[in-house]
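Asker: I'll drop the sequence and a predicted model, then ask my questions.
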Amino acid sequence: MIFIEIKYWQIIVSVFCQHYTTLTKGSCRHEETWWWNEEVAEAVREKKIKCGKWKKENTNEARRRRVDKMQRRLSLQQRKRNRRNVQMN
């Protein structure tokens, strides 16, 4: 007897859920955006490709190369600042 009541309850709940979830599920609010164009899509594609490459080659050597590049850039900026300070004095 209890098994039958549980079975009916499961059927009632499943029908209720199917009915109301389809009613409350509407279309996407952002079907079309005014700012998304081919230029933005290309930029997103490039970013995804670069991110994938970065994840694949994120090794210790790659990190060391990035750090070396940043250090060179910083030292160049410091030299430029020093030259400006010397020229001002």
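Answerer: Everything's here; your move.
Asker: how about the helices in this structure?
Answerer: Applying DSSP state H to the chain gives helices spanning 2-24, 38-56, 60-88.
Asker: can I get those helices in a markdown table with mean pLDDT and mean neighbour count?
Answerer: Where you see a C-beta, it was placed from the backbone N, CA and C, and this is true even at glycine. Rendered in a markdown table, the data for the helices of the chain read as follows (pLDDT from 0 to 100; neighbours: other CB atoms under 10 Å):
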| stretch | mean pLDDT | mean neighbour count |
| --- | --- | --- |
| helix 2-24 | 68 | 9 |
| helix 38-56 | 89 | 10 |
| helix 60-88 | 87 | 10 |
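Asker: gap between K56 and K80?
Answerer: K56 sits 35 Å away from K80, going by CB to CB, to the nearest Å.
Asker: correction: V86
Answerer: In this structure, V86 and K80 are separated by 11 Å, where distance is defined by CB to CB.
Asker: ok, now Q87?
Answerer: 11 Å.
Asker: for L74, give its distance to F16.
Answerer: Distance of L74 to F16, computed by CB to CB: 64 Å.
Asker: also W9?
Answerer: Looking at W9 against F16, where the rule is CB to CB, the gap reads 10 Å.
Asker: then T59?
Answerer: T59 sits 54 Å away from F16 when distances are taken as CB to CB.
Asker: ok, now N37?
Answerer: Here the distance between N37 and F16 works out to 44 Å (CB to CB).
Asker: got it, and E57?
Answerer: Applying CB to CB to E57 and F16 gives a distance of 52 Å.
Asker: then Q87?
Answerer: Relative to F16, Q87 is positioned 80 Å away (criterion: CB to CB).
Asker: ok, now W54?
Answerer: Computed as CB to CB, the W54 to F16 distance reads 48 Å.
Asker: before we move on, what about N82?
Answerer: 75 Å.
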